[in-house]
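A.B. asks: What would the 3D arrangement of this be:
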Amino acid sequence: MSTLDQIREGFGHALDTLSRGWQQLRERAGSALTRFHPSSAEGPVESVEAGVARNAARWGVLASEVRETDDALIIGLEIPGMESKDFEIQVVDDHLVVSGEKHLEREQARGRFYVMERAYGRFERMVPLPVPVDPQGARAKYHNGVLTVTLPKNLRALGRRIPVQGA
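C.D. replies: Next up, the predicted model:
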């Protein structure tokens, strides 16, 4: 095998490995990646350099935990930099849908930005629910950048095990 063939083979192997790595990342963390849409209400921040604003983060990671107890699902979402009034939460089919808008504080907007990796704007995050829930009894709280939503299970929808007795 020539040197050029070895380079081609090595390059092809490297691309395959890289592609598999990205695929695994998408599978494992893809649901946490959330698109942030620029806010039309506030308009652009004047102090942000044009190039930095153009390249500002439009994606953010809203990591979640879904925990099941005997009578409820407890969903935690890391969403720092918000206030409790900024969220809209609903259950749609078998998903918890959390939406809101993360604003750039005006006092933070003063000065000159060189890097803007935080995502700002409107977002929507859908979390699949593994069991049926009763949204009427839902509770939500926001503390230290974590939104916690407690959804009681819909015990009727879960069904009931029927024991079989001998004759």
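A.B. asks: What is the subsequent helix or strand relative to the lowest-mean-pLDDT helix or strand in the chain?
C.D. replies: Comparing every helix and strand of the chain by mean pLDDT, DSSP states H and E singles out helix 50-54 as the least confident one, with a mean of 50. Once helix 50-54 ends, the next helix or strand along the chain (criterion: DSSP states H and E) is strand 59-61.
A.B. asks: who does that next one touch, helix- and strand-wise?
C.D. replies: When contacts are defined as 3 or more CB pairs under 8 Å, 6 or more residues apart in numbering; DSSP states H and E, strand 59-61 sits against strand 33-35. The way it works is simple: take the backbone N, C-alpha and C, and place the C-beta from them, glycine included.
A.B. asks: Please settle this for me: is residue 21 part of a helix?
C.D. replies: Yes: counting by DSSP: H, G, I helix; E, B strand; the rest coil, residue 21 falls inside a helix.
A.B. asks: From residue 111, how far out is it?
C.D. replies: Between residue 21 and residue 111 the computed distance is 37 Å (CB to CB, to the nearest Å).
A.B. asks: ok, now residue 62?
C.D. replies: Plainly put, residue 62 is 27 Å away from residue 111 if you go by CB to CB.
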